[in-house]
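Trainee: What shape does this take:
(2 chains)
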Amino acid sequence: MNGPKLFAAYQQKLKKEAKIVLTWQLSILILFFAFWEVASRLYWIDPLLFSSPSRVFSSIWSRLIQGSLLGHIQITLLETILGFLIGTIAGIIIASMLWSFHRFSKVMDPYLVVFNAMPKVALGPILIVALGPGYLSIIAMGFIISVIVTTLVVFAAFNEVDQNYLKVLRSFDATKWQCFKEAVFPASLPAIISTLKVNVGLSWVGVIVGEYLVSKQGLGYLIIYGFQVFDFTLVMSSLVIIAILAAIMYKTVEKIEQLLIRK
Amino acid sequence: MSYLTLDGVSHYYFSKKQYTESLHNISFSVKRNEFVALLGPSGCGKSTLLSMISGMLQPAEGEILINNEKIEISDLEIGYMLQQDYLFPWKTIIDNVLLGPQIRKRQTSDLKQRAIALLEEVGLENVADKYPSELSGGMRQRAALIRTLITEPEILLLDEPFSALDFQTKLKLEVLVSDLLKAYQKTAILVTHDIGEAISMSDRIILMSSNPGAIAKIYDVPVELRDESPFLARKHPKYGRLFDKIWADLDQQKHTVKPIEENAYERS
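Mentor: This is a model prediction of the structure:
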């Protein structure tokens, strides 16, 4: 019986492969920061403009100890999560309406296309005028940038559901709502999850741009402020924090995916 | 005494530029507990006909009666089985089987017991809590059969339910379906393009021609074959004779149909 032996060897191989990949990933990360540090110290790049990892991390550390950074992080994170949630949920609701009312979807088609093609960031000034220079405009920015894409992708997914599932349900006299609940929505879950992943990135764009335009707090504000006072260490620090937070948010969505979709 | 009657049923397909008559003046009737096979080439409107009998589609002309009542007002249960199982992959087998009662809000614990008993009858007792992806094609189609039977339909519509299976599984399922239908005394209409399946399972075969779909010929299956299980019927000498006859008629149909198509091209 070679089965158990071969299986153990196979598992060993998998583990080894995972280890190699992780080693490479870590090496690239370390090399990147090391190169940045060295390049900055040896003046290959201008340390005034590009800062250096040591300065970035000591800046983050001192601001954390002072307590000023945490407030900025909280505000941006809250705005992003709200913009993300409202944009995604509204998009799914609009897509459901389009699916329920066939004529409505045909009427709305050109408007959706135009609105989707439009650079939503250009609406920033109008949002600020309409909603005031505060959190509301920034959240609206995070919302508006993700809602139309969500609507279009989710609506397309609803329409691609195999009609035979609906035929099965209709043979049991299912209502339209039952068809939606039992077949259309669950069958579209994978597509919905993948728009969630896209929206994580989009709502960060919306919120950071929104903060560029109006805010007095938040990571986007720190970037603009650092740029204005020529403190590029502050700009880089904010970028590093945004990268970490966005990655965490993405991973969270991935965890939700694993919970919702059986593979 | 006819149970299900189709009287002069026609159907049209519309596209932007033209329309096609997909079914032309179909009339036949089915007796209670009879098993009728609709046999014909692809595109002859067999499945459309089933959709109309199930009430999902209205005939453009003619009418469909069950017990002399129009199907729209009849509250009779009609079960529908499709080419593939179409079990919902996010539901367990038992939840899939209980889908009909769930949709109609008639779920009871008795019904669940019955579902489990039926699953046992078709050899699926151990997989009730598994998901469809964990089952083989034949097991899934058996589960789909139980999903259709649990609502206790009076008429079963089978839309090529064995066509996606391998030959061995297909034969086994044919025997199973045939036994179950006899045991529960159901009326059934089977749509198929497989001559052997039609002969071995049904009491009567309605051969259809295409462009537009119409009834070409009706065969009564010899009593000896009707009473045999589909597996043994295939070995009966009368099976071969009927097979050859239908084969010849189908072949002739192809030759007569072709020139009409060519004429149509010339006109356009």
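
Trainee: in what helix or strand does whatever residue of the stretch 1-150 of chain B ends up closest to chain A lie?
Mentor: Proximity to chain A, evaluated over the stretch 1-150 of chain B using CB to the nearest CB, is greatest for B:Y80 at 3.8 Å. In this view, the C-beta of every residue, glycine as well, is placed from N, C-alpha and C. Secondary structure assigned from DSSP states H and E places B:Y80 in strand B:78-81.

Trainee: helix or strand right after that strand?
Mentor: With DSSP H and E, the next secondary element past strand B:78-81 is helix B:93-97.

Trainee: who's in contact with the helix or strand following that following helix?
Mentor: Of the helices and strands lying after helix B:93-97 in sequence (DSSP H and E), the nearest is helix B:99-103. Helix B:99-103 is contacted from outside by A:168-169, A:172-174, A:178, A:182, B:88, B:91, B:95, B:107-108, B:111, B:147-148, B:150-151, using CB atoms under 8 Å, 6 or more residues apart in numbering or on different chains.

Trainee: The same query, at a cut-off of 6 Å, please.
Mentor: A:172, A:174, A:178, B:107, B:111, B:147, B:151 (CB atoms under 6 Å, 6 or more residues apart in numbering or on different chains).

Trainee: ok, the second one to B:M81 distance?
Mentor: Distance check for A:A174 against B:M81: by CB to CB, to the nearest Å, it reads 17 Å.

Trainee: So which of the two has more stuff around it?
Mentor: Higher neighbour count among A:A174 and B:M81: B:M81, with 27 against 21, using other CB atoms under 10 Å in any protein chain shown.

Trainee: Which residue comes closest to the more buried one once chain neighbours are left out?
Mentor: B:P161 (4.4 Å; CB to CB, 6 or more residues apart in numbering or on different chains).

Trainee: how about the one you found, phi and psi?
Mentor: phi -70, psi -10 (degrees, to the nearest 10).

Trainee: What are the buried residues along the helix or strand hosting A:V21?
Mentor: In this assignment (DSSP H and E), A:V21 forms part of helix A:3-41. Judged by neighbour count (16 or more other CB atoms under 10 Å in any protein chain shown), helix A:3-41 contains these buried residues: A:33, A:36-37, A:40.

Trainee: okay if I get those residues as JSON lines plus distance to chain B and pLDDT?
Mentor: Shown next, in JSON lines, are these (distance: CB to the nearest CB, whole Å; pLDDT from 0 to 100):
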{"residue": "A:F33", "distance to chain B": "44", "pLDDT": "92"}
{"residue": "A:W36", "distance to chain B": "47", "pLDDT": "91"}
{"residue": "A:E37", "distance to chain B": "50", "pLDDT": "93"}
{"residue": "A:S40", "distance to chain B": "53", "pLDDT": "90"}
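
Trainee: about what we covered before: could you identify the helix or strand that succeeds the helix holding A:V21?
Mentor: Following helix A:3-41 in sequence, per DSSP H and E, is helix A:47-50.

Trainee: can you count the residues close to B:Y19?
Mentor: 9.

Trainee: give the contact list for it.
Mentor: By CB under 6 Å, 6+ apart, B:Y19 lies in contact with B:Y12.

Trainee: make it 8 Å
Mentor: Applying CB under 8 Å, 6+ apart, the residues near B:Y19 are B:12-13.

Trainee: Pull up the residues of the stretch 51-200 of chain A that are close to chain B.
Mentor: The stretch 51-200 of chain A comes close to chain B at residues A:162, A:164-165, A:167-174, A:178, A:182-183, A:186-187, A:189, as judged by CB under 8 Å from any CB of the partner chain.

Trainee: and the residue nearest to B:M81, how many neighbours?
Mentor: Neighbours of B:P161 using other CB under 10 Å come to 27.

Trainee: ok, which residues in the stretch 151-268 of chain B are in contact with chain A?
Mentor: B:T151.

Trainee: ugh, wrong one, the stretch 1-150 of chain B
Mentor: Going by CB under 8 Å from any CB, the residues of the stretch 1-150 of chain B near chain A are B:54, B:56, B:78-80, B:82-84, B:86, B:88, B:90, B:99-100, B:103-104, B:131, B:147.

Trainee: ChimeraX command for the buried members of those?
Mentor: Buried residues within the residues of the stretch 1-150 of chain B next to chain A, by 16+ other CB under 10 Å, are selected in ChimeraX with:
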select /B:54,78,79,80,82,83,84,86,88,90,99,100,103,131,147
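
Trainee: Tally up the residues packed near residue 55, please.
Mentor: I'll assume chain A. 17.

Trainee: That was the other one, I meant chain B.
Mentor: Number of residues near B:G55 (other CB under 10 Å) recorded here: 19.

Trainee: Does it belong to a helix, a strand or coil?
Mentor: What DSSP: H, G, I helix; E, B strand; the rest coil gives for B:G55 is coil.

Trainee: again with B:M208
Mentor: strand.

Trainee: That one and B:A198 touch, don't they?
Mentor: No - applying CB atoms under 8 Å as the test, B:M208 and B:A198 come out as separate, 11.2 Å apart.

Trainee: list residues touching both of the two?
Mentor: B:L39.

Trainee: between those two, who's got more neighbours?
Mentor: Higher neighbour count among B:M208 and B:A198: B:A198, with 26 against 21, using other CB under 10 Å.

Trainee: pLDDT below threshold where in the stretch 51-200 of chain B?
Mentor: B:72-75 (pLDDT under 70).

Trainee: do that again at 80, thanks
Mentor: B:68-77, B:106-107, B:164 (pLDDT under 80).

Trainee: before we move on, back to that, show me what the strand holding B:Y80 pairs with in its sheet, parallel or antiparallel.
Mentor: Sheet pairing for strand B:78-81, assigned by DSSP bridges, gives strand B:155-159 (parallel).

Trainee: Pull out the buried positions in the partner strand.
Mentor: So, applying 16+ other CB under 10 Å, buried residues of strand B:155-159: B:155-159.
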